[in-house]
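Peer 1: 3D, please:
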Amino acid sequence: MEDSSLSTLLYSILAIPFVCMILHWIKVRKDRRRNESGEVEYTSFGQAFTFLLIEGVAVIASLSILIAAMSGIVRYVIHTYA
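Peer 2: Numbers count the residues shown, from 1 in each chain. Next up, the predicted model:
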């Protein structure tokens, strides 16, 4: 039983840097599209919609991974110390 909770803790801890990398990737993508005045530029509506869709899915995925990782850490703490 202890191996299962320990492996859950390790997977949860390893998921947090993955979330940070996804969020950094989104920030870099947005910064590349900024012009001199700081506004985000798109060449067409299709490009804007595609970037919005990709970045939206990435943000939602990273937040769900973060929630799962934090719940794994909390589950380990409760199981070990309670």
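
Peer 1: so which bits of stretch 42-55 are buried?
Peer 2: Residues F51 are the ones in stretch 42-55 that count as buried (16 or more other C-beta atoms under 10 Å). Heads up, the C-betas are built off the backbone N, CA and C, glycines and all.

Peer 1: now that stretch, how far from the chain's geometric center?
Peer 2: Using C-alpha atoms, centre = their mean, to the nearest Å, we find the averaged C-alpha position of stretch 42-55 to lie 20 Å away from the chain's own average C-alpha position.

Peer 1: try stretch 14-31
Peer 2: On the basis of C-alpha atoms, centre = their mean, the separation between the geometric centre of stretch 14-31 and that of its chain is 6 Å.

Peer 1: distance of the most centrally placed residue in the chain from I16?
Peer 2: Among the residues of the chain, the smallest C-alpha distance to the mean C-alpha position (C-alpha atoms, centre = their mean) belongs to S62, namely 2.2 Å. Shown here: S62 relative to I16, a distance of 10 Å by C-beta to C-beta, to the nearest Å.

Peer 1: repeat that for H24.
Peer 2: According to C-beta to C-beta, H24 stands 13 Å off from I16.

Peer 1: who's more crowded, those two?
Peer 2: Remark: of H24 and I16, I16 carries more neighbours, 14 against 10, as counted by other C-beta atoms under 10 Å.

Peer 1: helix, strand or coil for the closest residue to that one other than its chain neighbours?
Peer 2: Take I16 and drop its neighbours on the chain: the residue closest to it by C-beta to C-beta, 6 or more residues apart in numbering is A69, 5.4 Å away. Under the three-state scheme (DSSP: H, G, I helix; E, B strand; the rest coil), the conformation of A69 reads as helix.

Peer 1: residues in contact with A69?
Peer 2: When contacts are counted by C-beta atoms under 8 Å, 6 or more residues apart in numbering, A69 is found next to 11-13, 15-16, 19.

Peer 1: related to what we said a few turns ago, count the neighbours of the closest residue to the residue nearest to the centre of the chain other than its chain neighbours for me.
Peer 2: Nearest in space to S62, with sequence neighbours left out and distances taken as C-beta to C-beta, 6+ apart, is I22 at 4.2 Å. The burial count assigned to I22 is 17, neighbours taken as other C-beta under 10 Å.
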